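Engineer: below: sequence and its predicted model.
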Amino acid sequence: MTNGLPDTSTKRKRVNRVPVFHACGLSRSKLDPGSLGKLDSSVLQLIVFNCVLVKLTIAASLLLMAGCSKDGVPSKIVYGDVTCGGEPVALGRVRFVPIDETPGPASTGSVVDGEYRIESRGGVPLGKHRVEVFARKKTGRKVMGAHSLEPAEVDEIVLLGPPEYEGPNSPLVREVTDDMDGRIDIEIPLNPDGPRPGN
């Protein structure tokens, strides 16, 4: 009571703070009532700023998941089957290398049990790509590892495809478009000279 009139200052403060709580996804019922009177305007502004920053970060993450890579290049998650000589490739690697002014870096995915999937950095940039394929297979034998510090037996691995498919001379060209579902199956022939050492 002030000069015979009700003191409405507390009520006005509560009304002004409601948008702050709502902006942060909170309700006053979740806060300690005793702490409301201790918050000044600068603290409230800081709360609002932090809440908006968090929401902007979440929105940016959703855009990234929707198909825009970290480099800002429109991309597509690409997947499919990989066969060599008509048979699924047990293990290996697939690499999409941009050509014909397609922007963005090369994209690589592992082949496991005849399938691959590239989703890192948003997937494969939209446009034309040269596709390089490393088709490997375990022979079931053991050999001495050539890359270990100490001599040790490792699984013997052979390369099944022609060597030109593994580098810049690969004849495989595929185009990634925004309206596709992302599936790109890859088929390469067997090396006419037989399997090559792959360890």
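Structural biologist: Nice, I can see it. Residues are numbered from 1 along each chain as shown.

Engineer: list the buried residues in the longest strand along the chain.
Structural biologist: Longest strand in the chain, counting residues (DSSP state E): strand 127-144. Neighbour counts over strand 127-144 (16 or more other Cβ atoms under 10 Å) mark 127, 128, 129, 130, 131, 132, 133, 134, 135, 136, 137 as buried. (Glycine included, C-beta is placed from N, CA and C.)

Engineer: residue 173 versus the nearest residue to residue 127 once chain neighbours are set aside, what's the distance?
Structural biologist: Excluding its sequence neighbours, the residue lying closest to residue 127 (Cβ to Cβ, 6 or more residues apart in numbering) is residue 102, at 3.0 Å. Relative to residue 173, residue 102 is positioned 11 Å away (criterion: Cβ to Cβ, to the nearest Å).

Engineer: so the two - more neighbours on which side?
Structural biologist: Between residue 102 and residue 173, residue 102 has the larger neighbour count (other Cβ atoms under 10 Å), namely 18 against 12.

Engineer: wait, the more buried one sits on residue 129?
Structural biologist: Yes. With contacts counted by Cβ atoms under 8 Å, residue 102 reaches residue 129, the gap being 6.5 Å.

Engineer: can you pull out the strands in this structure?
Structural biologist: Counting by DSSP E, the strands of the chain are 75-76, 78-84, 87-88, 91-98, 107-112, 115-118, 124-125, 127-144, 153-159, 173-176, 186-188, 196-197.

Engineer: could you say what helices and strands the last one packs with?
Structural biologist: Read it as strand 196-197. Using 3 or more Cβ pairs under 8 Å, 6 or more residues apart in numbering; DSSP states H and E as the contact test, the elements touching strand 196-197 are strand 153-159.

Engineer: list the buried residues of the strand it packs on.
Structural biologist: By neighbour count on 16+ other Cβ under 10 Å, the buried set for strand 153-159 is 156, 157, 158, 159.

Engineer: before we move on, back to that, out of the buried residues of strand 127-144, which comes closest to residue 183?
Structural biologist: residue 131 (13.8 Å; Cβ to Cβ).
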